[in-house]
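Engineer: just coords:
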């Protein structure tokens, strides 16, 4: 991938999503949408501190930090799905990135042992950079 894909001229066109789903237990269930114009949308469903819809703002620096994390993960080179059930009852995480006219979505079942660690690090970095902890008690897998 070219450097410009992760360092776009028009950051306002960027859209990043992260969705965490249910597991057999108390895994937090929520979805985030981060837009390049600085709008962060959160929808919390289950096992979160805050349920319902919330909005916040993120800075251009935070968006660029997110793009840097996608670059570190070699996001556009990842498979579209990591869905082997090597271990059962784990949650899914779905991420997506739209930038520079390209869109990529990755489905990650946390029981798939073949999923690269850099994908999990990316998912956790999204939560950290946008401070999801204000709405969600974050778990580690």
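Structural biologist: Cool, got the structure. The model shown is predicted, which means the values in this text are computed figures rather than measured ones.
Engineer: Would you agree residue 63 falls within a helix?
Structural biologist: Yes: looking at residue 63 with DSSP: H, G, I helix; E, B strand; the rest coil, it is inside a helix.
Engineer: What's the first helix or strand after the helix or strand of the chain with the lowest mean pLDDT?
Structural biologist: Confidence across the helices and strands of the chain bottoms out at helix 3-6, with a mean of 72, counting by mean pLDDT, DSSP states H and E. Using DSSP states H and E, the helix or strand that follows helix 3-6 towards the C-terminus is strand 15-20.
Engineer: Contacts for that following strand next, please.
Structural biologist: Residues from elsewhere that reach strand 15-20, judged by C-beta atoms under 8 Å, 6 or more residues apart in numbering: 27-36, 63, 66, 70, 91-99, 123, 126-127. Using the backbone N, CA and C atoms, a C-beta is placed for each residue, glycine as well.
Engineer: quick one: the helices in this structure?
Structural biologist: With DSSP state H, the ranges of helices along the chain come out as 3-6, 60-72, 117-130.
Engineer: Give the other helices and strands that the last one contacts.
Structural biologist: Secondary structure elements in contact with helix 117-130, counted by 3 or more C-beta pairs under 8 Å, 6 or more residues apart in numbering; DSSP states H and E, are strand 15-20, strand 29-35, helix 60-72, strand 92-99, strand 102-109.
Engineer: Mind putting the helices of the chain into TSV with distance to residue 79 and mean neighbour count?
Structural biologist: Compiled in TSV, the helices of the chain are given as follows (distance: least, C-beta to C-beta, whole Å; neighbours: other C-beta atoms under 10 Å):
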stretch	distance to residue 79	mean neighbour count
helix 3-6	18	14
helix 60-72	15	17
helix 117-130	9	18
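Engineer: what's the least confident stretch among those?
Structural biologist: With a mean of 72, helix 3-6 has the lowest mean pLDDT of those.
Engineer: so where is this structure shaky, pLDDT-wise?
Structural biologist: Low-confidence segments of the chain, defined by pLDDT under 70: 1-3, 138-141.
Engineer: picking that back up, contacts for the least confident helix or strand of the chain?
Structural biologist: Applying C-beta under 8 Å, 6+ apart, the set of residues contacting helix 3-6 from outside is 67, 68, 70, 71, 76, 99, 100, 102.
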